[in-house]
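Student: only geometry, no sequence info:
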Ligand SMILES: Nc1ncnc2c1ncn2[C@@H]1O[C@H](COP(=O)(O)OP(=O)(O)OP(=O)(O)O)[C@@H](O)[C@H]1O
Ligand SMILES: O=P(O)(O)OC[C@H]1O[C@H](OP(=O)(O)OP(=O)(O)O)[C@H](O)[C@@H]1O
Ligand SMILES: [Mg+2]
C-alpha cells in the first residue's frame, strides 16, 4: 500500500486535501484524524506537520508527501521535488526597519530571526555573508521590535504582516515557494502508484488551468482560427451540416479565454462557447 504524507494543519493543509479529493482519493473528515486508509486506491494517508514531512519522506518510511518547497529545502532531508502543485505560493524574503539594512551585504555581523534557519544559513553562505541566525518558531516579524534580531527572513504572501510590523522587504527573493509533491531521494524508478498519483494531480492542474472552447467558423478561415486556438496537441475540426462552415474544439488556457474569444469573433467565428473541464488525463 502506498504511503503518502499530507500537511495536518497550516496554509497547505486544506488545499492539499482538496486537490487529492479532486484526484479521486478519500480524505479525512475530521481534522484530528492522523491516518486514513483509502482501500479503493490502495493508499494510506498520514497527516503530519508540514515541517516534518520532508524528514519522513527522506527517511524512506513514506513514499511521497506534499509540503512547501521552502520547508523541503530548509530541512536538508534526503527528499526531492517530484512535481509542483500550483498552490500555497509565497516568496521567502529578508526585511528590516527602514534605513537599517537595505541589501544582503548589510546583514553582515547582524542577527537574523527566522523559522527557516537552514534556508537562511545556506543563502548567507552562498553570498559570503557572516551573520547570527536566531531560530524562532513563528511570528518572527516581532523579533525586531522585541530586540532579539535586526533582520527577519520569512514567508511573504501579501506582505501585510511585515508592513504591520513596520518592516520593509529588501534584496532579491531568497526563494519562490509553492506546494510540491516530494519523493525519497535516490529511490530510482517512480513506483507505478506514484505515477498514477502524479497523473491524477496533473489532470487536476490542467482542468483548473484550461477551458474547452467550441466555435463555428467559415472553412476559409479555419487555418487562421486554429492558429489562435492550437490546442495542446492539435485542435479538432469537424464538418458542419452547412458545408461552408466547420466546427472547432480546442483547449485554451483559462486566463486567455476572453482575449481568444474576442480575436475569434473579430476573425469571423461565431457560436463561441466555453466549457469548464472537470477532469482529464493528458
Ligand atoms: N501566507 C502564508 N503564511 C505561511 N505559510 C504560507 C503562506 N502561504 C503559503 N505558505 C506555505 O506554508 C508552509 C508553511 O507551513 P506552516 O505549517 O508553517 O503553515 P502556516 O500557514 O504557517 O501555519 P501555522 O503557522 O498556523 O502552523 C510553507 O511552505 C509556506 O511557504
Ligand atoms: O505576507 P502575508 O500575507 O502577511 O503572510 C505571511 C505571514 O503569514 C505567515 O504567518 P502565520 O500566520 O502562519 O504565523 P506564523 O509566523 O506563526 O507561522 C508567515 O509566517 C508570515 O508571517
Ligand atoms: Mg505559520
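Tutor: Now that the structure is in, tell me what you want to look at. These figures come from a predicted structure and were not determined experimentally. Ligands and ions are numbered 1, 2, ... in the order given.
Student: gap between the closest residue to residue 187 other than its chain neighbours and residue 95?
Tutor: Distances taken as CB to CB, 6 or more residues apart in numbering place residue 60 nearest to residue 187, at 7.3 Å, with adjacent residues excluded. (C-beta placed from N, C-alpha, C; glycine too.) Counting by CB to CB, to the nearest Å, the separation of residue 60 from residue 95 is 37 Å.
Student: Show me which of the two is the more surrounded one.
Tutor: In this comparison of residue 60 against residue 95, neighbours counted by other CB atoms under 10 Å, the higher total goes to residue 95 at 24 against 14.
Student: where's that one, which helix or strand?
Tutor: With secondary structure defined by DSSP states H and E, residue 95 is part of strand 90-96.
Student: That strand and ligand 1, any residue contact?
Tutor: Yes. With CB under 6 Å from any ligand atom as the measure, strand 90-96 is seen reaching ligand 1 through residue 90.
Student: What count of nearby residues applies to the nearest residue to residue 47 once chain neighbours are set aside?
Tutor: In this structure, residue 47 finds its nearest non-sequential neighbour in residue 8, 3.7 Å apart by CB to CB, 6+ apart. Taking other CB under 10 Å as the neighbour definition, residue 8 ends up with a count of 21.
Student: Quick check: the residue of the protein nearest ligand 1.
Tutor: Residue nearest to ligand 1 within the chain (CB to the nearest ligand atom): residue 68, separated by 1.7 Å.
Student: circling back: can you tell me which residues contact the residue nearest to residue 47?
Tutor: By CB atoms under 8 Å, 6 or more residues apart in numbering, the contact set of residue 8 is 31, 34, 47, 48, 49, 50.
Student: Buried subset of these as a PyMOL selection?
Tutor: Paste this into PyMOL to select the buried members of those, with burial taken from 16 or more other CB atoms under 10 Å:
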select buried, resi 47+48+49+50
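Student: Within reach of ligand 2, which of the contacts of residue 8 are there?
Tutor: Restricting the contacts of residue 8 to those within reach of ligand 2 (CB under 6 Å from any ligand atom) leaves nothing.
Student: Of the contacts of residue 8, which is the nearest to residue 200?
Tutor: Proximity to residue 200 was ranked across these by CB to CB; first place goes to residue 47, at 19.3 Å.
Student: looking at this, that closest one is in a strand?
Tutor: Yes. Counting by DSSP: H, G, I helix; E, B strand; the rest coil, residue 47 is located in a strand.
Student: Bridged to it, which residues?
Tutor: In this structure, residue 47 bridges to residue 6 when assessed by DSSP bridges.
Student: which ones are touching residue 132?
Tutor: Applying CB under 8 Å, 6+ apart, we find residue 132 in contact with 110, 111, 112.
Student: Could you list the domains of the protein?
Tutor: As assigned by automatic domain parsing, the chain contains the domains 2-86+178-188, 90-176, 211-276.
Student: most packed of these?
Tutor: Between the domains of the chain, domain 2-86+178-188 has the highest mean count of neighbours, a mean of 19, where neighbours are mean count of other CB atoms under 10 Å.
Student: And that domain, end to end?
Tutor: Criterion CA to CA, to the nearest Å; first-to-last residue distance in domain 2-86+178-188 is 16 Å.
Student: What's the per-residue pLDDT of residue 267 here?
Tutor: As predicted, residue 267 sits at a pLDDT of 98.
Student: ok, now how distant is it from ligand 2?
Tutor: Spatial separation of residue 267 from ligand 2 under the definition CB to the nearest ligand atom, to the nearest Å is 42 Å.
Student: before we move on, what SS does residue 170 have?
Tutor: Using three-state DSSP, the structure places residue 170 in strand.
Student: Leaving out the residues flanking it, which one is nearest to it?
Tutor: For residue 170, the nearest residue in space outside its immediate sequence neighbours is residue 102; the separation is 4.9 Å by CB to CB, 6+ apart.
Student: What separation is there between the one you found and residue 40?
Tutor: Shown here: residue 102 relative to residue 40, a distance of 56 Å by CB to CB.
Student: List the contacts of the nearest residue in space to residue 109 that is not next to it in sequence.
Tutor: Nearest in space to residue 109, with sequence neighbours left out and distances taken as CB to CB, 6+ apart, is residue 131 at 6.6 Å. Contacts of residue 131 were listed using CB under 8 Å, 6+ apart, and they are 107, 108, 109, 110, 111, 112, 124, 151.
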